[in-house]
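Visitor: What would the 3D arrangement of this be:
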Amino acid sequence: MSFDPSSAFDSIESAHGFVALLTDAVADSKREIEADAQREATLNFPRRLEALRLALYNLEKLHQHLSKSRRILNDLRSVRRLLFKERTGALHVPPKAIRTASPSPQITASDTKTGVGAAA
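Guide: The predicted model follows:
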């Protein structure tokens, strides 16, 4: 996937792609810091190890926020597609299927008084 920074937020799709790339970069950084932390654990530099653990903690928080952002952008894409009828298939019900569908049960006024036919 190529990335053009001048169009990073021109559309929901490009923003989604940008966040995906950023998530990958954070994951790479996290792996590198984890390796550094394992290496530092064997040495006797507690302040450096604590700094690496703090960096890991913040990278994990950032990764979670980016994952949430990706899901939100995905939801926004879905909503836009629904609003502008860009999505077809499972959401589209052909008119013939609507006409041939079985009718829903009718509830009369007497049924509502007795509770018969009421929804659970």
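
Visitor: okay, CA-based contacts and neighbour counts for the rest of this
Guide: Fine.

Visitor: Show me the shaky parts of the chain.
Guide: The chain contains residues with pLDDT under 70 at 1-8, 86-120.

Visitor: Going by length in residues, pull out the top helix of it.
Guide: The longest helix of the chain (DSSP state H) is helix 46-83.

Visitor: Touching, Leu73 and Gly17? I think so.
Guide: No - between Leu73 and Gly17 there is no contact under CA atoms under 8 Å: 9.8 Å.

Visitor: which element is Phe9 on?
Guide: Assigned by DSSP states H and E, Phe9 falls within no helix or strand.

Visitor: ok, it to Lys85 distance?
Guide: The gap separating Phe9 from Lys85 is 22 Å, by CA to CA, to the nearest Å.

Visitor: now do Arg53
Guide: From Arg53 to Lys85 the distance is 47 Å (CA to CA).

Visitor: between the two, who's got more neighbours?
Guide: Between Arg53 and Lys85, counted using other CA atoms under 10 Å, Arg53 has the larger neighbour count: 16 against 11.

Visitor: give the contact list for the more buried one.
Guide: Counting by CA atoms under 8 Å, 6 or more residues apart in numbering, Arg53 touches Ala37.

Visitor: since we're on Leu82, how many residues are nearby?
Guide: 13.

Visitor: do you know how far the closest residue to Glu13 other than its chain neighbours is from Arg53?
Guide: Leaving out its chain neighbours, the residue that sits closest to Glu13 by CA to CA, 6 or more residues apart in numbering is Arg77, at 7.4 Å. Remark: distance between Arg77 and Arg53 (CA to CA) = 36 Å.
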